[in-house]
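Asker: What follows is a predicted structure for the sequence shown.
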Amino acid sequence: MVRLDLIHPSFYLGGDPVEIARCLLGKILYTRVDGRPTAGRIAETEAYCGPEDRASHAWGNRRTSRTQTMFMAGGHAYVYRCYGIHDLFNVVTGPEGIPHAVLIRAVEPLEGQAEMASRRGLIEGHEGIGRGPGGLTRALGIDRSANGVCLHQLESPVQLCEGLGHVEESDIAATPRIGVDYAGEWALRPWRFYLVHSRSVSGRKRPGR
């Protein structure tokens, strides 16, 4: 795959993580782990709007050893372990001190597909290689060592690049986020976005745009 331009730092600093979550669809998530490059096209995202969002780790401006990364300036990776098993990758957004983030839930494999499949224990070409927030991190070799890395520097092991083409609004669907029923009315916000024709999308597809 021809290397694409890194996303400009200003992209991450907008005040609306919901809009950034939409705009990240079609962008390229690139990694180089142990000298092996892999990349996937982002197909599914979720926005988390701390500190008011009850589904966010940083709800109420909770600043802990885990959430500290969310308070960094936009353009850094927030990687945390879920259920003691999966490392999940988020993009920190907004200005420093405002804990917004976007969870990446699925990617379509583009580069290093054999390596990605091997990491998942799947055959090359399997449509589920980049599916699910825990699955995509395994496929791309992302773990908690990437927590806090800058996503717009060439020397970073994890980078975000511009997409291969424009994503039309008609290609995007919006639904409530998955697995946040504890958040009350915040669980109903349609802040999960996915590419409607992608086979990599995780979870249930509920109608809505």
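Answerer: Done, it's in.
Asker: who's in contact with the helix or strand residue 119 falls within?
Answerer: Counting by DSSP states H and E, the secondary-structure element that holds residue 119 is helix 113-120. Identification of contacts with helix 113-120 by C-beta atoms under 8 Å, 6 or more residues apart in numbering yields 36, 38, 40, 109, 123-126, 128-130, 135, 138-141. Yep, even glycine has a C-beta here, placed from its N, CA and C like the rest.
Asker: same thing but 6 Å
Answerer: With contact meaning C-beta atoms under 6 Å, 6 or more residues apart in numbering, helix 113-120 is reached by 36, 38, 109, 124, 129, 138, 139.
Asker: Which among these count as buried?
Answerer: Neighbour-count burial (16 or more other C-beta atoms under 10 Å) applied to the contacts of helix 113-120 gives 38, 109, 129, 138, 139.
Asker: element containing the first one?
Answerer: Put plainly, it is residue 38. For residue 38, the host element (DSSP H and E) is strand 36-49.
Asker: Check the third one too.
Answerer: For residue 129, there is no host helix or strand (DSSP H and E).
Asker: got it, and the fourth one?
Answerer: Assigned by DSSP H and E, residue 138 belongs to helix 133-140.
Asker: Any regions of this structure where pLDDT drops low?
Answerer: Scanning the chain for pLDDT under 70 picks out 1-3, 204-209.
Asker: mind listing the strands for it?
Answerer: For the chain, the strands defined by DSSP state E cover 28-33, 36-49, 77-82, 86-93, 100-111, 158-161, 172-175, 192-195.
Asker: could I get the ones you listed as TSV with distance to residue 201?
Answerer: Output for the strands of the chain, formatted as TSV (distance: least, C-beta to C-beta, whole Å):
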stretch	distance to residue 201
strand 28-33	15
strand 36-49	5
strand 77-82	19
strand 86-93	16
strand 100-111	5
strand 158-161	19
strand 172-175	9
strand 192-195	5
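Asker: how close does residue 16 get to residue 35?
Answerer: 37 Å (C-beta to C-beta, to the nearest Å).
Asker: Between the two, which is the more surrounded one?
Answerer: Between residue 16 and residue 35, counted using other C-beta atoms under 10 Å, residue 16 has the larger neighbour count: 14 against 5.
Asker: Next up, phi/psi of the more buried one, please.
Answerer: Main-chain torsions, residue 16, degrees, to the nearest 10: phi -120, psi 100.
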